[in-house]
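K.L.:
show me how the following folds:
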Amino acid sequence: MSSDVVLVIVVATALVFDFTNGFHDTANAIATSVSTRAMSPRSAVLLSAVLNFAGACISLIGAIAWNLATWYFGLPSSSSHALIGGLVGAAFAASGASAIQADGLVEKVIVPGVVAPILAFTVAGIAILIAYRIVGRLRPGPVNRAYRLGQLVSGSMFSLAHGTNDAQKTMGIITLALVAHGDLPATGFDVPTWVIVSSATAIALGTYTGGWRIIRTVGSRIIKMDPAQGFSAQGSGAAVVLAASHLGYPLSTTHVMSGGVMGAGAATRLSAVRWGVAGNIAIAWVLTLPAAAFIGALAYGVSSIFGSGALGPVVVSLSILGVVLAFFGRRVARGQVLTADA
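P.N.:
Model (predicted):
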């Protein structure tokens, strides 16, 4: 009976992570489209939500806490690395260093995490130079309108790529829980349809909710973006993420899009990039894995105080739920006060 309760908690927590992943990473797909006025904010969010769902169909506690913290400060950090960090921390606390496959962590997570934003930076820089070369002597009005239309395609492709890469991680966590619970065999299994649909739905709903703080950071605080730069950043980001999904790397869409935006700005002139903001983002990138790992280990440690049954996970889950509700309640109350003062 206790194992059934733990399974339910794991599935629910994974879907909550998927939801926070959606609203946290919305900015990656739509910030450039909103910034260049290629789409209205609500239309961009809706389109991104639908395509995140489609992408998810195609293809934990530490992570949730880090997602919420970086969202609060408007920092576009990696939900993927937060999830992996949370798992690593919990596994280390439970079984020690022997539970961590260091080679796989380096090969599948750390190396792609370093290479991906550099690759997106380079591709976006080359793309914007080619774009300016082609349209440099044309009238700005028609060119900007054309690139805004192009952003409908590039933004859609990035949303689709985000769904193919990010929602798979939640499906993996739920499937792992089902295997551990004995509902699925350890080898030769198919991911159940309800896992795919629920994960896709959670990330789509989170995307539709939106992450306006991060949208402002990616869309306007890194560079002052024109439609051609937005198109180049989105197109290069989509290509990198889709390639990583095909190769099976759990890539950070946040790292990729932020790198693409910086590349599209730096290729015109280095001073176009607000390097102070870029530095803050880089610090968040570096801290994501260890911070989420620490929180994951702490959550396991608190849970283990109550024994190996379901009581520990229930206590930890309810405590975190209370903190999250208090956090959002305070945000809502603050917003009402500011509205009344205005």
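
K.L.:
low pLDDT regions in the stretch 151-300 of the chain?
P.N.:
For the stretch 151-300 of the chain, the stretches with pLDDT under 70 are 210-217, 219.

K.L.:
A326 and L287, how far apart?
P.N.:
24 Å (C-beta to C-beta, to the nearest Å). Every residue, glycine included, has its C-beta placed from N, CA and C.

K.L.:
the more surrounded of these two?
P.N.:
L287 (18 against 10; other C-beta atoms under 10 Å).

K.L.:
helix or strand: which one has the more buried one?
P.N.:
helix 275-305 (DSSP states H and E).

K.L.:
I203 too?
P.N.:
Element membership for I203 (DSSP H and E) is helix 193-209.

K.L.:
who are the packing partners of that helix?
P.N.:
Helix 193-209 sits against helix 2-35, helix 41-58, helix 140-181, with contacts defined as 3 or more C-beta pairs under 8 Å, 6 or more residues apart in numbering; DSSP states H and E.

K.L.:
compare the ones you listed and give me the one nearest G279.
P.N.:
Of all these, helix 2-35 sits nearest to G279, with 18.3 Å by C-beta to C-beta.

K.L.:
off-centre distance for the closest one?
P.N.:
Offset of helix 2-35 from its chain centre (C-alpha atoms, centre = their mean, to the nearest Å): 9 Å.

K.L.:
kindly report the same for stretch 259-267.
P.N.:
Worked out by C-alpha atoms, centre = their mean, stretch 259-267 lies 19 Å from the chain centre.

K.L.:
give me the contacts around that stretch.
P.N.:
Applying C-beta atoms under 8 Å, 6 or more residues apart in numbering, the contact partners of stretch 259-267 are 31-32, 116-129, 218, 222-225, 229-230, 232-234, 236-237, 240, 272-273, 278.

K.L.:
before we move on, what about stretch 122-134?
P.N.:
147, 228-229, 231-233, 235-237, 239-240, 259-264, 266-268.

K.L.:
from the residues you listed, which land in helices?
P.N.:
147, 228-229, 231-233, 235-237, 239-240, 259-264, 266 (DSSP state H).

K.L.:
buried only: go through the residues you listed for me.
P.N.:
147, 228-229, 231-233, 235-237, 239-240, 259-264, 266 (16 or more other C-beta atoms under 10 Å).

K.L.:
for G188, give me phi and psi.
P.N.:
phi 70, psi 30 (degrees, to the nearest 10).

K.L.:
quick check: it vs V179, distance?
P.N.:
Taken as C-beta to C-beta, the span from G188 to V179 is 11 Å.

K.L.:
which residue of those two possesses the greater neighbour count?
P.N.:
A count of neighbours by other C-beta under 10 Å puts V179 above the other of G188 and V179, at 14 against 6.

K.L.:
and the residue lying farthest from the centre of the chain, how far is that from V143?
P.N.:
Distance to the chain centre peaks in the chain at R137, reaching 37.9 Å (criterion: C-alpha atoms, centre = their mean). Using C-beta to C-beta, R137 is found at 10 Å from V143.
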